[in-house]
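> This is the structure alone, sequence omitted:
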Ligand code: GAL
Ligand code: CA
């Protein structure tokens, strides 16, 4: 009898503990799952979640409506904090209002909400990298090359004829990388002539298609290619290879951004002239650490998250220039 009672008691205790188990969870939604750089960030968030407050990670399949529903779902299922890589950064305001109403703190990464949206609530954070720096660094890589390789001026007119393959329109990384790339070259006294620019949505296959188009319009007159990320640069390199580049002395300087594993391989084999390291691991870790502090009811500090907070609610992870000689 006593034994049975004890058993019932322990079973009851087990269940009450289990249902009482209010261990917090962090909901995470990324704009799409097949973006190389974002996948690296997501992997790091998943790794971090294995050590401490667990994470539930979803992809919005590039649909803002779907992402909004995922966020509502996280709120309903009691998420203690939410990490968002928004599909459309202009939708951040609506997301912030929803989370504010339910008091669920938010950490955005990679797609920066505009200042007015960030000002709506103080439990909103942003982790990213300064797009203008990456553009400037990419421009410096090409400037260094151009100024030390007179033969790069293929038509000998003293100007640099170049093309740009852009990321998604409206994304801060697209606009600022493009702007500061050309500014850096101009500041070095280089005369520029932009032959073409088009978007390839951060995507390798589209990058190849866009480059094929540029080659068919302008072929031999193109003297350099800047892609807003490595995947599109790699697509451009495929198109260039098909057109006979990177063999028999035919060369084209191609610059990307991210330094993804595939980008590094291209640096090593000499098809990618240079790239800019976009530190996925630290962006993922910083976003997670902030969300963990918020989920456990604390106000994040630089000390507690291990990254410097700027203006109380921003973490900026630095970019670094990456050339073949920087590879170990
Ligand atoms: C950029 C990155 C791109 C792409 C984009 C997605 O920072 O360089 O490769 O991942 O974010 O928003
Ligand atoms: Ca020229």
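Cool, got the structure. Here the structure is a predicted model, which means the values were calculated and not measured. Ligands and ions are numbered 1, 2, ... in the order given.
> what about the helices in the stretch 51-200 of the chain?
Assigned by DSSP state H, counting those that start in this stretch, the stretch 51-200 of the chain shows helices spanning 64-76, 92-101, 115-118, 131-148, 172-187.
> so where does residue 27 fall, helix or strand?
strand 26-30 (DSSP states H and E).
> by how many degrees do that strand and helix 64-76 diverge?
180 degrees (axes from the mean of the first three to the mean of the last three CA atoms, to 10 degrees).
> What lies in contact with strand 26-30?
Outside of strand 26-30, the residues within contact range by CB atoms under 8 Å, 6 or more residues apart in numbering are 38, 41-42, 45, 49, 53-60, 67, 70-71, 73-74, 77, 79-85, 288, 291-292, 295. Quick note: C-beta positions are derived from backbone N, CA and C, even for glycine.
> nearest spatial neighbour of residue 179, skipping sequence neighbours?
In this structure, residue 179 finds its nearest non-sequential neighbour in residue 135, 6.3 Å apart by CB to CB, 6 or more residues apart in numbering.
> Which residues does stretch 93-100 contact?
68, 71-72, 75, 82, 84, 86, 105-106, 113, 116-117, 120-121, 123-124.
> Which one of those residues is nearest to ligand 1?
Ligand 1 lies nearest to residue 86 out of the contacts of stretch 93-100, by CB to the nearest ligand atom, at 9.1 Å.
> Excluding chain neighbours, give the residue nearest to whatever residue of the stretch 51-200 of the chain ends up closest to ligand 1 in space.
Per CB to the nearest ligand atom, residue 173 is where the stretch 51-200 of the chain lies closest to ligand 1, at 4.5 Å. Among residues not flanking residue 173 along the chain, residue 131 sits closest, at 4.6 Å (CB to CB, 6+ apart).
> Distance of the one you found relative to residue 328?
As judged by CB to CB, to the nearest Å, residue 131 and residue 328 stand 27 Å apart.
> Check residue 45 too.
On the measure of CB to CB, residue 45 and residue 328 end up 26 Å apart.
> who's more crowded, the two?
Set residue 45 next to residue 328 and count neighbours by other CB atoms under 10 Å: residue 45 wins out with 23 against 2.
> can whichever strand or helix holds the more buried one be found next to ligand 1?
Assigned by DSSP H and E, residue 45 falls within helix 36-51. Yes - applying CB under 6 Å from any ligand atom, one finds helix 36-51 touching ligand 1 at 37-38.
> what does that helix contact?
26, 28, 30-33, 55, 57, 83, 85, 109-110, 202, 229-231, 258, 260, 262, 278, 280-281, 283-285, 287-289, 292.
> mind running it again at 6 Å?
28, 30, 55, 231, 258, 260, 280-281, 283-285, 288 (CB atoms under 6 Å, 6 or more residues apart in numbering).
> Same question for stretch 61-72.
29, 32, 58, 60, 87-88, 91, 95.
> Could you tell me which of these count as buried?
29, 32, 58, 60, 87-88, 91, 95 (16 or more other CB atoms under 10 Å).
> of those residues, closest to residue 317?
residue 29 (20.3 Å; CB to CB).
> how near is the closest one to residue 176?
24 Å.
> any low-confidence regions in this structure?
Applying pLDDT under 70 to the chain picks out residues 1-22.
> can you rerun that using 80?
With pLDDT under 80 as the threshold, the chain has low-confidence stretches at 1-23, 328.
> Please, where are all the strands along it?
26-30, 55-59, 81-84, 106-109, 124-128, 159-166, 191-199, 224-227, 254-255, 274-277, 314-316, 320-323 (DSSP state E).
> Turn those strands into JSON lines, including distance to ligand 2.
Shown next, in JSON lines, are these (distance: least, CB to the ion, whole Å):
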{"stretch": "strand 26-30", "distance to ligand 2": "41"}
{"stretch": "strand 55-59", "distance to ligand 2": "43"}
{"stretch": "strand 81-84", "distance to ligand 2": "44"}
{"stretch": "strand 106-109", "distance to ligand 2": "40"}
{"stretch": "strand 124-128", "distance to ligand 2": "35"}
{"stretch": "strand 159-166", "distance to ligand 2": "5"}
{"stretch": "strand 191-199", "distance to ligand 2": "7"}
{"stretch": "strand 224-227", "distance to ligand 2": "9"}
{"stretch": "strand 254-255", "distance to ligand 2": "16"}
{"stretch": "strand 274-277", "distance to ligand 2": "20"}
{"stretch": "strand 314-316", "distance to ligand 2": "36"}
{"stretch": "strand 320-323", "distance to ligand 2": "23"}
